[in-house]
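K.L.:
Sequence first, predicted model second:
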Amino acid sequence: MGQHSDNRGNLSRFKRSAFISLAFSLLGLYIVMHFTQTHHSWRDIARLQSAVLAVSGGLVVLSWLFDCLRMVVLARSLEANLTVIRGMRIAIIGAFVSNITPFDSGGEPVQAYFLTETGLTAGQSTAVIATKTLCNGLARFTLGLAASVWLLVFNDHWRLTTVLYGLLLFGIAFYFAVFTLSFYLIFNPEKVKVIVVPIVRNRFTLRFFRPKTLEMILDRVDGEIREFRRALEEFMENRRLTLGLVMLLSYGWWIAMALIPCVVIWGLGIHLDLLQVMAITLLFYLLSVYVPTPGSSGAAELGFTLMFSSIIPQGFLGILTLVWRGFTYYLNLAAGILLILWDLLKPKKSVSARSPFLSIFGAGVSAESMNPSIKREIRKDFDTRVPNDLQSPS
């Protein structure tokens, strides 16, 4: 009885998170369109040729493919039978869940769940996702650092107000500090209690959180850091070529995401420096890591608009944000929902077999479903949110 109640609670939280994500995103788009549109703004959508829309959609599909190939390469190095088609399915559903969970934190646990169906043990699937996440974070760090230096030091055409400039510098410094600390703790996990405990558990945090909750967060941080280190050591010692290929695919993933605004801007007839647009986009993704709303909704729309406000004419800002978000957010949602519906409609014997995705949240348990201890670990990722700058963006 208690298990079914817990399952219903997890599924209810999942639905609520999806609703909140959509609500914040629509609110953000409404605010952006309200303050930036002119009498001819909506006509500009018609100026976007089908080829521009096709290329933008193709870049999103390419990002799924890069994510898929990262998992395929890592899984096959561990002798798992992961095909490209199956990997694409896992990549799309991972992107879908990331877009409806706070801090984009749900995608990786769901992908780890599906990887156990390919012949990997729970530990191996965790190692694959941990390694992929580390490479993704390192690619974002290096590209974001290059973009930050180029925009703030060498580029004279990107102007911000003094307040925004100060906030931007603070955000960049904060991101790099947390990222550096994360990598230090991965290589020195024994320092977690020395460094993280005073940050998480102190007089201030104890006023707002129960000691039990803080202990759970600390245990989760410690566990994740140790998993990252074990995975990294395994691939660095025995599979360096695999690790290098995954890094290249991670750079490809970020470049594909950064090219989408470039294509839309070009389609609107605005001529800007390609590298400048890509650098601003990468910097935006760098700063949106710690937004607590599901899928960074609301803040993503407003932040993206502010980042481009000094180089894009006001009448085009809303359209740019709408089209960009349509491909990078709503297309992920639509593709994920279609895959879930496909699972539900397939004629199979049990609920969990019919929809493995829903079995993560306990919607039907059968002999074919995952080991209960693994399910609890997956569900824990939806119950406890720990900001992680290594994770993928929305």
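P.N.:
Sure, I can see it. Remember, it's a predicted structure, so these values are computed and weren't measured experimentally.
K.L.:
Which of the three states applies to His271?
P.N.:
coil (DSSP: H, G, I helix; E, B strand; the rest coil).
K.L.:
For it, what are phi and psi?
P.N.:
In terms of degrees, to the nearest 10, the main-chain angles of His271 are phi -100, psi 110.
K.L.:
what residues are up against it?
P.N.:
By Cβ atoms under 8 Å, 6 or more residues apart in numbering, His271 lies in contact with nothing. C-beta: built from backbone N, CA, C; applies to glycine.
K.L.:
State the pLDDT value of it.
P.N.:
We have a pLDDT of 90 for His271.
K.L.:
try Leu241
P.N.:
Looking at Leu241, its pLDDT stands at 88.
K.L.:
Which strands or helices does the helix or strand it falls within pack on?
P.N.:
Here Leu241 sits within helix 240-267, counting by DSSP states H and E. For helix 240-267, the helices and strands in contact under the criterion 3 or more Cβ pairs under 8 Å, 6 or more residues apart in numbering; DSSP states H and E are helix 50-77, helix 122-149, helix 211-238, helix 274-287, helix 314-325.
K.L.:
do you know which of those helices lies nearest Phe174?
P.N.:
In this view, those are compared for proximity to Phe174 by Cβ to Cβ, and helix 274-287 is the closest at 8.9 Å.
K.L.:
Please export the C-alpha coordinates of the closest one as PDB.
P.N.:
C-alpha atoms of helix 274-287 as PDB (Å, rounded to 0.1, in the frame of the first residue of the first chain):
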ATOM      1  CA  LEU A 274      28.500  34.200 -36.800                       C
ATOM      2  CA  LEU A 275      31.100  33.800 -34.000                       C
ATOM      3  CA  GLN A 276      29.500  36.600 -32.000                       C
ATOM      4  CA  VAL A 277      26.100  35.000 -32.100                       C
ATOM      5  CA  MET A 278      27.500  31.600 -31.200                       C
ATOM      6  CA  ALA A 279      29.500  33.100 -28.300                       C
ATOM      7  CA  ILE A 280      26.500  34.900 -26.800                       C
ATOM      8  CA  THR A 281      24.500  31.700 -27.100                       C
ATOM      9  CA  LEU A 282      27.200  29.600 -25.300                       C
ATOM     10  CA  LEU A 283      27.500  32.300 -22.600                       C
ATOM     11  CA  PHE A 284      23.700  32.200 -22.100                       C
ATOM     12  CA  TYR A 285      23.800  28.400 -21.700                       C
ATOM     13  CA  LEU A 286      26.700  28.800 -19.200                       C
ATOM     14  CA  LEU A 287      24.700  31.200 -17.100                       C
END
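K.L.:
residues contacting the nearest residue to Gln124 once chain neighbours are set aside?
P.N.:
Distance criterion Cβ to Cβ, 6 or more residues apart in numbering; nearest residue to Gln124, sequence neighbours excluded, is Leu78 at 5.2 Å. For Leu78, the contact set (Cβ under 8 Å, 6+ apart) comprises Leu120, Gln124, Ala127, Val128.
K.L.:
Using TSV, lay out the residues you listed together with distance to Trp254, pLDDT and neighbour count.
P.N.:
TSV is the format used below for the contacts of Leu78 (distance: Cβ to Cβ, whole Å; pLDDT from 0 to 100; neighbours: other Cβ atoms under 10 Å):
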residue	distance to Trp254	pLDDT	neighbour count
Leu120	26	85	22
Gln124	26	83	21
Ala127	22	83	25
Val128	19	89	29
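K.L.:
any chance of the residues you listed in TSV, plus distance to Ser288?
P.N.:
Supplementary listing: those in TSV, determined by distance: Cβ to Cβ, whole Å:
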residue	distance to Ser288
Leu120	31
Gln124	31
Ala127	27
Val128	25
